[in-house]
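Participant: with the sequence up front, the predicted model follows.
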Amino acid sequence: MSAQLHFLGTSDAKGVPRWWCTCSVCNEARTTGRNCRRRASALISYNNDITKQSEQVLIDASPEIREQLSTLTNKHIDSVLISHPHNDHISGLADIAMWSHYLNEQQGNFVCPLYSPRDVIQVLETRFGFLKDKANFPFIHIESLNEPLAGYEVQAIEVPHGANGSSYAFLFTSVSTKKRWAYMSDCIDLTDLEPWYKLDLLILGASFYKENQPLEGRSVYDVLEATALSQQLRAKRTILTHMGHGVDRRKKAPASVSYAYDGLVIDLP
Ligand SMILES: [Zn+2]
Ligand SMILES: [Zn+2]
C-alpha cells in the first residue's frame, strides 16, 4: 500500500509571477522559473498492492487545474475535496465537471463526488448554479462521508482565515497505520491546536516570508510564523505551500521546514 501527494500548484491567490509585477521573484519566475507557481491544488494518489485498487483524490480545483492535470500520466479523479470557496481554490471546478460529464458519456454510471463542509457547499451551489445536471458531479456534505478516501479517514476542521473569515483544513488518518497528516493551505492565528499535534506531515500555507503588517487585515501565515507553528505542534515534517512572490525558493527555507514547488511528489505517511 502506498500513497503519494502531487503538488499541482503551490502559489497564493495571485500566482507567481503576479502578471503585473516586476519584483525580482516575479522576474525570476518568468525566466529560469524556480519560483514559477500556479494556484494551490494537490492530488493524492493511492495504490493498494493487495486489492489492486487505485484511487486519486483532488484537493481544491485551482484556476489552472486544466494545465495542472494535463501534465499527469494518470488523470483520473475519483473524488474532490474543497477546503473553502475562495476563487483560487474553486475556479477550476467547471473543468472537473466537464471531464466528469465526458467520462459519464463514455462509460455510463460515472460519478465523481465533491465533498466539502455544509457551509462551503451552500456557496458552491450558488456559484456553480450553471452546472444544471450534477448527477455525475454531485456536491456532498463531508459530514455524511463515512468511508475512507484513498486509504485515509478524512476530517474537515474549521480554521481561522483572518480577514477572510474561516477556511477548512483536512486531517487525514491512515486506515492501516493510523499515521496522520494535514493539508492546511489557508490559515492564520490557529488557536485550537489540539487536533494538529505531532502530525507525521503538516502541509501549511505561508504566503510571504516575513509579513510586516499587523495580524488583522491578513489571512495566511508568513514563513517565519508557519515555522514557529510547526515547531509548536511538533510536526515530524512540514512542507510549505500557498506561497506568494514574497517567498523566494532560491533562498534556503528555515531549518525545520521545506518549500513545496509545482510538480513535487512526496510519499505520504
Ligand atoms: Zn488561497
Ligand atoms: Zn482563501
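Facilitator: Looks like it came in fine. Ligands and ions are numbered 1, 2, ... in the order given.

Participant: could you use CA atoms for every contact and neighbour count after this?
Facilitator: Fine.

Participant: how about the helices in this protein?
Facilitator: Counting by DSSP state H, the chain has helices at residues 24-30, 65-70, 87-90, 93-107, 118-127, 223-232.

Participant: now those helices as a markdown table including mean pLDDT, mean neighbour count and distance to Trp196?
Facilitator: Formatted as a markdown table, those follow (pLDDT from 0 to 100; neighbours: other Cα atoms under 10 Å; distance: least, Cα to Cα, whole Å):
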| stretch | mean pLDDT | mean neighbour count | distance to Trp196 |
| --- | --- | --- | --- |
| helix 24-30 | 98 | 19 | 32 |
| helix 65-70 | 97 | 16 | 28 |
| helix 87-90 | 98 | 21 | 22 |
| helix 93-107 | 95 | 17 | 28 |
| helix 118-127 | 97 | 15 | 22 |
| helix 223-232 | 98 | 20 | 9 |
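
Participant: tabulate those (TSV), appending distance to Ala150.
Facilitator: Output for the helices of the chain, formatted as TSV (distance: least, Cα to Cα, whole Å):
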stretch	distance to Ala150
helix 24-30	33
helix 65-70	18
helix 87-90	21
helix 93-107	19
helix 118-127	22
helix 223-232	25
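
Participant: nearest to Asp186, out of the ones you listed?
Facilitator: helix 87-90 (10.0 Å; Cα to Cα).

Participant: can you check what pLDDT the model gives the closest residue to Phe7 other than its chain neighbours?
Facilitator: Sequence neighbours aside, Ala42 is the residue nearest to Phe7 in space, at 4.7 Å (criterion: Cα to Cα, 6 or more residues apart in numbering). As predicted, Ala42 sits at a pLDDT of 98.

Participant: what residues are up against Ala42?
Facilitator: 5-9, 58-60 (Cα atoms under 8 Å, 6 or more residues apart in numbering).

Participant: tabulate those residues (CSV), appending distance to Val247, pLDDT and neighbour count.
Facilitator: Putting the contacts of Ala42 into CSV (distance: Cα to Cα, whole Å; pLDDT from 0 to 100; neighbours: other Cα atoms under 10 Å) gives the following:
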residue, distance to Val247, pLDDT, neighbour count
Leu5, 22, 98, 20
His6, 20, 98, 21
Phe7, 17, 98, 22
Leu8, 18, 98, 30
Gly9, 15, 98, 30
Leu58, 25, 98, 22
Ile59, 22, 98, 25
Asp60, 22, 98, 27
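
Participant: and which of those residues is nearest to Asn109?
Facilitator: Leu58 (20.0 Å).
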